[in-house]
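> Here you go, sequence then predicted model.
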Amino acid sequence: MTGRAVQFVALYRVDITEVPVREPAQGELLVRAEVSGISGGSEMLAYRGEIDPETAVDETLDALRGTFAYPFIYGYSVVGIVEQSRGTIGDGARVFAFHPHQDLFVVSERDVVRLDGEDPRRATLLPLVETALQVCLEACPQLGEPVVVLGLGCVGALTAALLRRCGAQVLASEPE
């Protein structure tokens with residue numbers, strides 16, 4: 001079985017490449033992608049060659065092993081439908097996975113989030129919400145404390161919204 005993946009092959013160049021896809025083992029799912037979120041941040045840095053090629057992509061997720069040395073397969077936000085389950089999430093379920101841009105892939109059931117009724121396009125934003133939450137936790141604002149958020153791209157806007165929900169006085173600015 002094969003799938004297709006987006007591969008960063010050189011500076012300012014990506015291709016679609018065929019990749020082998022194995023049968024799922026116990027506790028794994030075969031997922032067919034519906035939508036894949038493209039990051040205007042880290043993926044644009046990778047496209048422009050602005051990430052040290054020796055940097056690990058992500059050492060915590062099996063699907064994101066390796067480095068940013070060309071050629072590499074990357075991406076981290078896919079929503080798809082389970083085609084074959086060897087776990088407790090059944091066939092036909094919609095799931096979110098931290099996985100490169102690939103149309104068919106096998107992933108551990110523990111590495112997905114089951115999506116019941118959510119818009120698959122919105123669900124691709126889950127990693128951005130996670131990043132915004134991490135920023136809020138790092139900032140650790142006190143109730144009523146003024147906080148400035150510079151840059152209102154997706155992560156900035158989500159961070160500002162979360163900080164406000166936590167009781168901070170948010171001043172947000174978009175330089176563009």
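Yes, it's here.

> What residues are bridge-paired with residue 170?
residue 147 (DSSP bridges).

> burial count for it?
Residue 170: 19 surrounding residues under other CB atoms under 10 Å. All C-beta spots, glycine's among them, are computed from the backbone N, C-alpha and C.

> For it, give me its contacts.
Applying CB atoms under 8 Å, 6 or more residues apart in numbering, we find residue 170 in contact with 146, 147, 148, 149, 160, 163, 164.

> how about stretch 63-77: buried residues?
By 16 or more other CB atoms under 10 Å, the buried positions in stretch 63-77 come out as 63, 64, 68, 72, 73, 74, 75, 76, 77.

> Residue 15: which of those residues is nearest?
residue 73 (10.4 Å; CB to CB).

> what's the longest helix in the chain?
Ranked by residue count under DSSP state H, the longest helix found in the chain is helix 126-139.

> Please, where are all the strands along the protein?
Taking DSSP state E, the strands of the chain run over residues 2-10, 13-20, 28-36, 72-73, 78-85, 94-97, 104-108, 112-115, 146-150, 169-173.

> and the angle for the third one with strand 78-85?
Meaning strand 28-36. Put simply, strand 28-36 runs at 150 degrees to strand 78-85, going by axes from the mean of the first three to the mean of the last three CA atoms, to 10 degrees.

> gap between strand 28-36 and the chain center?
Distance of strand 28-36 from the chain centroid (CA atoms, centre = their mean, to the nearest Å) equals 13 Å.

> name the helices or strands packed onto it?
Helices and strands touching strand 28-36, by 3 or more CB pairs under 8 Å, 6 or more residues apart in numbering; DSSP states H and E, are strand 78-85, strand 94-97, strand 104-108, helix 120-123.
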